[in-house]
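In: What shape does this take:
(one chain, ligands or ions: 1)
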Amino acid sequence: MSKKVLVVAEARDKSLRNVSFEALTAAQRIAKGGDIIAVTFGSDAANYVAELGKYGAVKVYTVANKELDTYTTDAYFQALRQVIEDVQPDAILMPHTAIGKDLAPRIAARLGLVSDVIDVQVEGSKVVFTRPIYAGKAFEKKTVTDGTVFATVRPNNIAAEETGGSAEKVDFNAEIKDLRTIVKDIVRKTAGGVDLSEAKVVISGGRGVKSAEGFKPLQELADVLGGAVGASRGACDAEYCDYSLQIGQTGKVVTPDLYIAAGISGAIQHLAGMSSSKVIVAINKDPEAPIFQIADYGIVGDLFEVVPLLTEEFKKVLGETITV
Ligand code: FAD
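Out: Model (predicted):
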């Protein structure tokens, strides 16, 4: 039976995040020919309609209230709840991002939630979600048998597929009131660069990097590969880098095509944030370091020799910069 699926699209710095398209692709599987409706928030909402149409949305609700220009739980919850009431979807998908993780529980209080989904399959009339559990050590399959299906989609796991369609714009004016929080300004700790949680290549440093200065060779390698720099908590705790770079159980979860761990031992809490990466390369001078157990390629050596060598070789092979 076809289903009506609502997808919450997320934009950052005036462009849609790739996970919005991945969520639309997951929606295509669930909808089985039914309508896919996307929703975007804030003054720029209308700018995203065409792109969302290309990935399968037939309608895009644009909720352009100015209170939605920056994210607050209160304002987004009020707006999304009204859109849900209007659309009456059979299923709702949302990116499993910082915003999604904050907003989803408010909606889930009424609907229930399957969070952090990495795959969606349809078996007969059942929608089967796969999600990691125990910090990525196991995977569980979940089926929602009753009510509205509601799930958050982990970035970089479901390949976004264009359908080449176009979407109708539906202007929706939400009633937003009694806000407890007003965001006046957002000050980013790290400016520019590739977004860590959506990067195709991540070069991470651990305590073995030894200083803030020690991250420079990693940044150079990341620049050559068009990637982002991440870190272990060990490196963050030692104040070699900002906590916004931390990957792991209490940091960001990344699933790039290539993850290079330099001077990281491979504690279970770190693996929780990167073990789903497609190709893992470990550089560590200790051949017994646990990170080698999950690495596809291991280099036993001093990262300060190995990383610059890799940068030089990649430069030669790939030219100045590549996009993977
Ligand atoms: P270390 O374990 O000290 O490893 C440093 C490695 O560098 C060693 O293997 C060493 O051989 C190698 N090395 C040293 N010099 C060089 C060199 N010149 N060249 C090559 N290799 C070198 N950790 C996270 O990362 N993310 C989390 O989200 C996280 N959450 C946590 C939550 C909880 C509740 C707890 C208790 C812990 C958490 N941790 C987390 C911490 C985690 O347990 C580890 O302490 C941390 O990951 C270790 O960081 P590290 O690998 O950089 O440091």
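In: just for the stretch 51-200 of the chain, where's the confidence low?
Out: 189-193 (pLDDT under 70).
In: Within range of the ligand, give me the residues from it.
Out: Within the stretch 51-200 of the chain, not a single residue sits near the ligand (C-beta under 6 Å from any ligand atom). Any C-beta I mention is one placed from the backbone N, CA and C, and that applies to glycine too.
In: Now for the residue of the stretch 51-200 of the chain found nearest the ligand: which residues touch it?
Out: Ranking the residues of the stretch 51-200 of the chain by distance to the ligand (C-beta to the nearest ligand atom) places A135 first, at 9.3 Å. Residues in contact with A135 (C-beta atoms under 8 Å, 6 or more residues apart in numbering) are Q249, I268, Q269, L271, A272.
In: where's the first one relative to the ligand, distance?
Out: If I follow you right, that is Q249. Distance of Q249 to the ligand, computed by C-beta to the nearest ligand atom, to the nearest Å: 4 Å.
In: Can you report phi and psi for that residue?
Out: Backbone dihedrals for Q249, given as degrees, to the nearest 10, come out at phi -60, psi -40.
In: pretty sure it is touching S275, no?
Out: No - judged on C-beta atoms under 8 Å, Q249 makes no contact with S275 at a distance of 10.9 Å.
In: Looking at those two, which is more packed in?
Out: The neighbour count for Q249 versus S275, taken as other C-beta atoms under 10 Å, is higher for S275 (19 against 16).
In: Tell me how many other residues surround the residue lying closest to that one once chain neighbours are set aside.
Out: With C-beta to C-beta, 6 or more residues apart in numbering as the criterion, S275 has its nearest non-adjacent residue at 4.7 Å, and that residue is G136. Look at G136: counted by other C-beta under 10 Å, it has 18 neighbours.
In: for the one 4 residues further on, same thing?
Out: Close neighbours of E140, defined as other C-beta under 10 Å, add up to 11.
In: May I ask you to confirm that it belongs to a helix?
Out: No - counting by DSSP: H, G, I helix; E, B strand; the rest coil, E140 is located in no helix; its state is strand.
In: Show the contacting residues for it.
Out: Residues near E140 by C-beta under 8 Å, 6+ apart: T130, R131, I133.
In: is it true that I37 touches K3?
Out: No - applying C-beta under 8 Å as the test, I37 and K3 come out as separate, 11.2 Å apart.
In: So what's the model's average confidence on stretch 303-319?
Out: The pLDDT scores in stretch 303-319 average 94.
In: For that stretch, output the C-alpha coordinates as PDB.
Out: Coordinates of the C-alpha atoms in stretch 303-319 are reproduced here as PDB (Å, rounded to 0.1, in the frame of the first residue of the first chain):
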ATOM      1  CA  LEU A 303      52.500   9.900  12.300                       C
ATOM      2  CA  PHE A 304      54.800  12.900  11.900                       C
ATOM      3  CA  GLU A 305      56.700  11.000   9.200                       C
ATOM      4  CA  VAL A 306      53.800   9.100   7.700                       C
ATOM      5  CA  VAL A 307      51.200  11.900   7.300                       C
ATOM      6  CA  PRO A 308      53.500  14.300   5.400                       C
ATOM      7  CA  LEU A 309      54.500  11.400   3.100                       C
ATOM      8  CA  LEU A 310      50.900  10.600   2.400                       C
ATOM      9  CA  THR A 311      50.200  14.300   1.700                       C
ATOM     10  CA  GLU A 312      53.000  14.500  -0.800                       C
ATOM     11  CA  GLU A 313      52.000  11.300  -2.500                       C
ATOM     12  CA  PHE A 314      48.300  12.300  -2.800                       C
ATOM     13  CA  LYS A 315      49.400  15.700  -4.100                       C
ATOM     14  CA  LYS A 316      51.400  14.000  -6.900                       C
ATOM     15  CA  VAL A 317      48.700  11.500  -7.800                       C
ATOM     16  CA  LEU A 318      45.700  13.700  -7.500                       C
ATOM     17  CA  GLY A 319      46.900  17.100  -8.300                       C
END
